[in-house]
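Participant: Give me a 3D structure for the following:
(3 chains)
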Amino acid sequence: MKLTLSEVAAITGGEPDGNPALEITGLAPAEKAGEGELAYISDLSGKIRLDDVKASCVILPLAAKGAPRACKGGVVYAANPQLAFTLVMRKFAEELSPKRAPGIHPSAVVDVSAQIGAGASVGAHCVVEKNARVGEGTVLYPNCFIGENAVVGRNCLFYPGVVLRENCTAGDRVIIHPNSVIGADGFGYIQHEGRHEKIPQLGRVVIENDVEIGALTAIDRAALTETRIGAGTKIDNQVQIAHNVRIGKDCIIVAQAGIAGSCTLGDGVVIAGQVGVVDHVNIGSYSVITAGSGVMHDVPEKSVLFGVPARPHRQAFKILAIINKLPEMYDFFKKLKKQSEAK
Amino acid sequence: MKLTLSEVAAITGGEPDGNPALEITGLAPAEKAGEGELAYISDLSGKIRLDDVKASCVILPLAAKGAPRACKGGVVYAANPQLAFTLVMRKFAEELSPKRAPGIHPSAVVDVSAQIGAGASVGAHCVVEKNARVGEGTVLYPNCFIGENAVVGRNCLFYPGVVLRENCTAGDRVIIHPNSVIGADGFGYIQHEGRHEKIPQLGRVVIENDVEIGALTAIDRAALTETRIGAGTKIDNQVQIAHNVRIGKDCIIVAQAGIAGSCTLGDGVVIAGQVGVVDHVNIGSYSVITAGSGVMHDVPEKSVLFGVPARPHRQAFKILAIINKLPEMYDFFKKLKKQSEAK
Amino acid sequence: MKLTLSEVAAITGGEPDGNPALEITGLAPAEKAGEGELAYISDLSGKIRLDDVKASCVILPLAAKGAPRACKGGVVYAANPQLAFTLVMRKFAEELSPKRAPGIHPSAVVDVSAQIGAGASVGAHCVVEKNARVGEGTVLYPNCFIGENAVVGRNCLFYPGVVLRENCTAGDRVIIHPNSVIGADGFGYIQHEGRHEKIPQLGRVVIENDVEIGALTAIDRAALTETRIGAGTKIDNQVQIAHNVRIGKDCIIVAQAGIAGSCTLGDGVVIAGQVGVVDHVNIGSYSVITAGSGVMHDVPEKSVLFGVPARPHRQAFKILAIINKLPEMYDFFKKLKKQSEAK
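Facilitator: From the prediction side, this is the model:
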């Protein structure tokens, strides 16, 4: 793929400076970019010095306009260089991503009652069951399973091996990475005469518009009602979301986090990697739970928590610092103790 | 689906009170139930007030008999309302769960030497290899893989993408959720001349009757003998069970827990979410390891442990409470220290 | 399968002692082995007493030569009994592992532009896309997906359900266990006007020779460059390796560990189970991070770390020991505090 400096400026809405016909054929991080590549620098006072950048073209912040520069290549000035670069990446992605042929692959098994929207692509060995619906422009890579009455919206992208069980629904522009499982039974039993009697899981999962779900993630169906993932929420790989959980809009849930049954998350919550949240906890909007924390109680809005159990960030770091001093405290404690016993 | 009050009473063995012909068409949690729905309340002194319940029919504890009630709908009195409600849920599940056609789907690849029991359903794109056996009434959803000589018992339910590798066996009524992997190689190497030389994993996995295994869970085959999951044990999503582990009967293992190689668990053990157990540890029967704990040593029967490293529950909570007071202790320590140095 | 004492000696390069025609038909741990089985003991002063071993044949260390032994069966003396036993296990594995028919299964969907090497086996329902290459002697079990331009080297073994997305490459003799996902999009967004805007992930994953990857593991493609797994590295089940990570040679990464974006690991690093490493951390060669630890900062070469946050091993254990004494310290603290306030 090739873009000229003018085209980069047009895509990003930035201001070009240099030969408008200058061509870039690739994208790279600023510290690695070379001949023919486009890079960006968000902060000219940061680690990367502009003079060291070997890219043919660099996207710089508007504030850099007019400053002297040694770099001979082209420049595009943009209000938000990372965003501008992302827009160019999207142009490359459009061009370079594998194209999926529209239509139903002959090896796919699609029930006669299922509805497949115009322009949708149902890949090899997919299975689409009774009364399921796949929206216009949606791509199912090979080996996906769409259960009875399940609904996949428009312009979704399901990578290989995704399982969406019966009655579950995904909105529009939902992306699900390989081998993730949506709608498996929630983990519910009742103890009776020493055995675990299964509680059927009759609910479903509802995934709203613009959600992205990583690889190997599990979102369980509700016991009676629904497990819901709010619009715009992004979930990483190997995340576990148990039954009856309700997640708000535009949340971020990083890899290997686990949210136990019946929790609710507000909007804009960030759950970092390997966090655990015990069941029935409510996490207020715009709270941040940092990596590896264990949340055992409700969390007010806009909290920043850390640790096991999760404590307010400052308190947690204060305690951690003191824990490092425990050996010194303990030595002094032993000395005092001995003195006190000697009295 | 529709059930009358009389039918609900018959299914649950409870005592009906109200119009025997009253119909319910759905099930819901008491706080959300409305017209036409059945709910239950286990504890009338709990959060949910009977007067607020809008369900057409409620299952109540026997103790509630005779008490005045404002609710106009029907009531069924049962010794264990949750169990009674579960029985009704099962009736709904029977009716509403997708029906799988018995027989082998034409797209499945079943070796001529494999045996498929009467009434079993082998879904689209399944692969059943040489000498494998699938029992009567068992359902394999699409895309399952049953390896050479593997055995699946009667009335099992394997959801899409389950992999059961060669020589492994599952008993009767075993449920495995999508994309779980049974019988992958255990993680075994011997260091030799600076490299990791693979130790072949020649053993197998044995899953006893009535085990349920969540989505995306891995249970590794033994190096030489077997990894065994005892009858009635229930395992959640994304659990890792390493080679040579032996798990007793009726255990519960919650999501994202990991049990390292050669551990043994007695009967009725509960391992909560995200727990880690290091290798070669024995956990006594009826012990409970609470969420996020790390078990590094053998655990006596009926222990309740918490924390990293896992300590007896009371001790762990005592320590946690004191850790919250560390800032105060540290300030005092600094003061004493200064005084002592001043002398 | 049958091996004579002579054959065992030949395979292992050990010295036989006993009837050269003595036959063994199975392998077992020393404490469980019986008639017809081969076992090994590395350390005669260990838990297992030679006199208790009921195996027909035992591999013993060279140092045991000449020592009196009650055991009537055969013996093979070897410099490294475990390694010798491993070599016999490999012989059994060769014989007993399911044989995969070379060629492309008729149900596989292989693009005309894809190249399949001589003797390779492409299993049922596999999908191999445009311009992908599968090397000589490589086995793809059923339901694998090999994306556009992806490359699988020679003599690789991909178990069912493995997904290798477009442009990613695996070297020679790479083993990947079921349902693992190589090359899913890294988790990258830029915040813009309150929404998470997706940053396309245009890079790839490079897996070098002799890497083994467990079941249900995810290795994400880089944003622009590559995520790289060094030669000889072994990765267990349910591991998460984020985008742009670079892992050196001969590392060990145990189950459920997570390595966040842009980390680098040197050679010979050991990451134990459930460890978390935050993003942009560098871990020096030959360092060991013990189970459940959380790494938040760079780690020098040959460190041994433990805990959350990960501290040098000795320091971490010292602190843990003191934490156990906190109740005692706290009682004393309260007493002193009271005395001090009384003054």
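
Participant: Whichever strand or helix holds A:Arg90 near chain C at all?
Facilitator: When secondary structure is defined using DSSP states H and E, the element that contains A:Arg90 is helix A:81-96. Yes: shown here: helix A:81-96 in contact with chain C (CB under 8 Å from any CB of the partner chain) through A:Gln82, A:Leu83, A:Thr86, A:Met89, A:Arg90, A:Phe92, A:Ala93, A:Leu96. All C-beta atoms are positioned from the backbone trio N, CA, C, and that covers glycine.

Participant: likewise stretch A:162-174?
Facilitator: No: no part of stretch A:162-174 sits close enough to chain C to count as contact by CB under 8 Å from any CB; the gap is at least 10.0 Å.

Participant: ok, back up a step: can you list contacts of the helix holding A:Arg90?
Facilitator: When contacts are taken as CB atoms under 8 Å, 6 or more residues apart in numbering or on different chains, the neighbours of helix A:81-96 outside the stretch itself are A:1, A:3, A:8, A:11-14, A:27, A:38-42, A:59-61, A:76, A:78, C:190, C:192, C:197, C:199-200, C:202, C:223-224.

Participant: for stretch A:335-343, same thing?
Facilitator: Looking at what lies outside stretch A:335-343 - CB under 8 Å, 6+ apart - the contacts are B:Leu336, C:Phe332, C:Leu336.

Participant: Next, the buried residues of that stretch.
Facilitator: Using 16 or more other CB atoms under 10 Å in any protein chain shown as the test for burial, stretch A:335-343 gives A:Leu336.

Participant: Nearest to chain B: which residue in chain A?
Facilitator: For chain A, the residue positioned closest to chain B under CB to the nearest CB is A:Pro200, at a distance of 3.7 Å.

Participant: State the pLDDT value of that residue.
Facilitator: According to the predicted model, the pLDDT of A:Pro200 comes to 98.

Participant: Contact partners for it?
Facilitator: Neighbour list for A:Pro200: A:Asp185, A:Ala223, B:Thr86, B:Met89, B:Arg90, B:Phe92, B:Ala93 [criterion: CB under 8 Å, 6+ apart].

Participant: Derive a ChimeraX selection command for the buried subset of those.
Facilitator: Applied in ChimeraX, the following selects the buried portion of the contacts of A:Pro200 according to 16+ other CB under 10 Å:
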select /A:185,223 /B:86,89,90,92,93
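
Participant: What separation is there between A:Val152 and A:Ser121?
Facilitator: With distances taken as CB to CB, to the nearest Å, A:Val152 is found 12 Å from A:Ser121.

Participant: out of the two, which sits in the more crowded spot?
Facilitator: Set side by side, A:Val152 and A:Ser121 show unequal neighbour counts under other CB atoms under 10 Å in any protein chain shown, the larger going to A:Val152 at 28 against 21.

Participant: Residues of the stretch 101-250 of chain A that sit close to chain C?
Facilitator: A:105, A:107, A:123-125, A:141-143, A:159-161, A:175, A:177-179, A:212, A:214-216, A:232, A:234, A:236-238, A:250.

Participant: The same query, at a cut-off of 7 Å, please.
Facilitator: Near chain C, the residues belonging to the stretch 101-250 of chain A are A:107, A:124-125, A:142-143, A:159-161, A:177-179, A:212, A:214-216, A:232, A:234, A:236-238, A:250 when assessed by CB under 7 Å from any CB of the partner chain.

Participant: So which of those residues belong to strands?
Facilitator: Secondary structure assignment by DSSP state E places A:Glu212, A:Lys234 of these in strands.
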